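Participant: Kindly return the folded structure for what I paste below:
(one chain, ligands or ions: 2)
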Amino acid sequence: MPTPYDDMWEKLNLDLTAHEGLLQVLGKFYGDIYLSQEGRLQGMEYLDFVLSEVHGLRIKELQAAKAQGRKIIGTFCVFVPEELVIAADAVCVGLCAGAEIGSDAAEKILPRNTCALIKSFVGFKLARLCPYIESCDLVVGETTCDGKKKAYEIFGDYAPVYVMEIPQMKQACDRDLWKAELGRFKAKIEEITGKTITAAKLKDAIKLVNARRAVLQRLNRLRAAVPTPISGRDVLLINQISFYDDPVRFTAKVGELCDELEAKVKAGQGIAPAGTPRLMLSGCPMAVPNWKLPFLIESSGAMIVGEESCIGTRNTRDLVDETPDTLEGMLDALVDRYFKIDCACFTPNVERLDHIVDMAKDLKVDGVVHYGLSFCTPYAMEALKVGKALDAAKVPMLSIETDYSMEDVEQLKTRVEAFLEMIH
Ligand code: SF4
Ligand code: SF4
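Facilitator: Ligands and ions are numbered 1, 2, ... in the order given. I've put the predicted structure just below:
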C-alpha cells in the first residue's frame, strides 16, 4: 500500500516491500503490547505519536536538518559521547537493533551464533530496511564486545563507519586511553561536520543532554513509588524513544508526563492493584521493538519498576559535571562521566553488582529478572556474579537468555509465572 512518505523512502534507497513488512510488524506489536494497556496516562499520547511516526516525521526532520547542511551521526552504544556530536551542530541518533527482520540476510555473512542485536543492525543495513541508518553521514561503532568489534569491520563495507576504542579495565592508564579516544572522536566529528567544537557550544550540549538525563531520573524516582503509577513497558518505551527523538522536545514532553505522574503518586494511584509483585530487569539493552520480555512479565501479573540496562538507568544515572568552563575541563568531565558506565565488557565490574543490589533495595522489588541476549558472553558470564550478589542481599533472581524470535514465548511465560509463584 502506498504511503505519504514513499518518495522519501525511495530517495533513501529503502527496499519498499521489506520496509512495509517491518512497519506492519511494528504496528501490530505496538497495538498488542502498548495500546491494549488499561489506564494509560495522558502523557503517553506524545510517545504513541512519536512511535507512530518513527518512520515518518522524525525522518523528515532529519532530512530537513541534512538539507541545512547538518550531519547525522548514528550510534549503537551509550559510550559514544553525544555531547560532542551536538556541540558540532550535528544530530545524534541511537540506532535501534531490536527486530528479527533482516537477520536472514545477516546470517549469510555473520556466524549464526552471534547475538540478536548485532544480527539486527547488520541485517537492517543489508536488507535496506532502516531509514535512520540510511540517513547517517557516519555510524559510530565501539570496541565493547568481540562480536560488535568484528561486525563493524563487515558493516564498514556497506556504510561509513568510525570505531571508538573502549577500554576494558578502569585503571589510570585506561582513563588515559579513553581521554585520547575522546580527543580522536572530537577531531573526527569536527572533520565530518566542518565545525569547530568551542567551549560555549560544548557547555550548551552538556546542559542539553544532562537535562534529558535529569528528566529520566525524575521519571525513575516517580515510578519507584508503591504502588507504581506507570507500567514498565511504558518507561522502557520512553527510554527507547530518548535515543532518537529531538532532545529539547523530548525533555519537555517527559517533564509534562512526570507532572501527571506526580499527581497520581500524591493521590496513591497505581497502574496495577496493591500487592502486585514488583520486578526489576537487569542486563542487556532492549532496543525498539524488543518488548517481548517486559510484555510477558507484565501480562503474567507483575510490574517492572526499574531497568538496570543501557536502555535504562545505566544511561541516565550519571550526569556530566557542569562546573568546568574551559574546553579542557569539559572534556575531562565527559571522560569521567562516561568512564563510570558499568557495562559487562569491563573487568572487573564490581560497580555493576553494587548498583544492582542498591537498585533492588531502593525500588523494593520482590525479584530481579536478569536478561541476556543469546550468545552474549559478557552478560551471560556476569549473570552468575549478579545472582550471587543478589542472593547475599536475599533478593531472588531469574536468569533468562533469549533472542528476538517468538519461538520461546510459551516457555518463557511458564518460567516467569513459576518465578512469580515462588516469590509471592
Ligand atoms: S551493554 Fe555495553 S556494549 Fe551494549 S550499549 Fe551498553 S555499554 Fe554499549
Ligand atoms: S548484547 Fe552482548 S554480545 Fe550483543 S552487542 Fe551487546 S555486549 Fe555484544
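
Participant: only C-alpha atoms for contact and neighbour calcs from this point on.
Facilitator: Will do.

Participant: In this structure, where's the longest helix?
Facilitator: The single longest helix within the chain, with elements called by DSSP state H, is helix 199-223.

Participant: Packing partners of that one?
Facilitator: Applying 3 or more C-alpha pairs under 8 Å, 6 or more residues apart in numbering; DSSP states H and E, we find helix 199-223 packed against helix 82-87, helix 247-266, helix 313-316, helix 327-339.

Participant: give me that answer again for 6 Å
Facilitator: helix 82-87 (3 or more C-alpha pairs under 6 Å, 6 or more residues apart in numbering; DSSP states H and E).

Participant: Pull the number of nearby residues for residue 376.
Facilitator: 21 (other C-alpha atoms under 10 Å).

Participant: Quick one: work out the angle between the very next helix or strand once past the longest helix of the chain and helix 247-266.
Facilitator: Downstream of helix 199-223, the first helix or strand assigned by DSSP states H and E is helix 232-241. Per axes from the mean of the first three to the mean of the last three C-alpha atoms, to 10 degrees, the angle that helix 232-241 makes with helix 247-266 is 160 degrees.

Participant: thinking again about what came up before, and for the longest helix of the chain, what's in contact with it?
Facilitator: 83, 86-87, 229, 251, 258, 316, 319, 326-327 (C-alpha atoms under 6 Å, 6 or more residues apart in numbering).

Participant: Can you tell me which residues in this structure are near ligand 2?
Facilitator: Within the chain, the positions adjacent to ligand 2 are 115, 117-118, 145, 147-148, 284, 373, 376 by C-alpha under 6 Å from any ligand atom.

Participant: mind listing the strands in this protein by residue range?
Facilitator: According to DSSP state E, the chain carries its strands in the segments 72-75, 91-94, 138-142, 161-164, 278-283, 303-308, 367-373, 397-402.

Participant: picking that back up, which of the residues of the chain next to ligand 2 sits closest to residue 294?
Facilitator: residue 284 (13.0 Å; C-alpha to C-alpha).

Participant: That closest one against residue 369, yeah?
Facilitator: No: using C-alpha atoms under 6 Å, residue 284 is not in contact with residue 369, being 11.3 Å away.

Participant: remind me which residues of the stretch 101-250 of the chain are low pLDDT?
Facilitator: For the stretch 101-250 of the chain, applying pLDDT under 70 flags no range at all.

Participant: For the residue in the stretch 101-250 of the chain that ligand 1 sits nearest to, give me its contacts.
Facilitator: Here the stretch 101-250 of the chain gets closest to ligand 1 at one residue, residue 144, 5.0 Å apart by C-alpha to the nearest ligand atom. Residue 144 makes contact with residue 345, according to C-alpha under 6 Å, 6+ apart.

Participant: what's the answer for residue 119, then?
Facilitator: 103, 106.

Participant: for the one 4 residues further on, same thing?
Facilitator: With contacts defined as C-alpha under 6 Å, 6+ apart, the neighbours of residue 123 are 102-103, 105-106.

Participant: Mind giving me the ChimeraX select for the residues you listed, buried ones only?
Facilitator: Those of these that count as buried under 16 or more other C-alpha atoms under 10 Å are selected in ChimeraX with:
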select :102,103,105,106
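
Participant: Which of the contacts of residue 123 fall in helices?
Facilitator: 103, 105-106.

Participant: Looking at the residues you listed, which one is closest to residue 352?
Facilitator: Closest to residue 352, out of all of these and judged by C-alpha to C-alpha, is residue 103, at 30.7 Å.

Participant: ok, and the closest non-adjacent residue to that closest one?
Facilitator: residue 123 (5.0 Å; C-alpha to C-alpha, 6 or more residues apart in numbering).

Participant: related to what we said a few turns ago, take the contacts of helix 199-223 and write them to a markdown table, including neighbour count and distance to ligand 1.
Facilitator: Below are the contacts of helix 199-223 laid out as a markdown table (neighbours: other C-alpha atoms under 10 Å; distance: C-alpha to the nearest ligand atom, whole Å):
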| residue | neighbour count | distance to ligand 1 |
| --- | --- | --- |
| 83 | 25 | 16 |
| 86 | 22 | 19 |
| 87 | 24 | 22 |
| 229 | 25 | 27 |
| 251 | 21 | 21 |
| 258 | 21 | 26 |
| 316 | 22 | 12 |
| 319 | 20 | 16 |
| 326 | 14 | 28 |
| 327 | 16 | 25 |
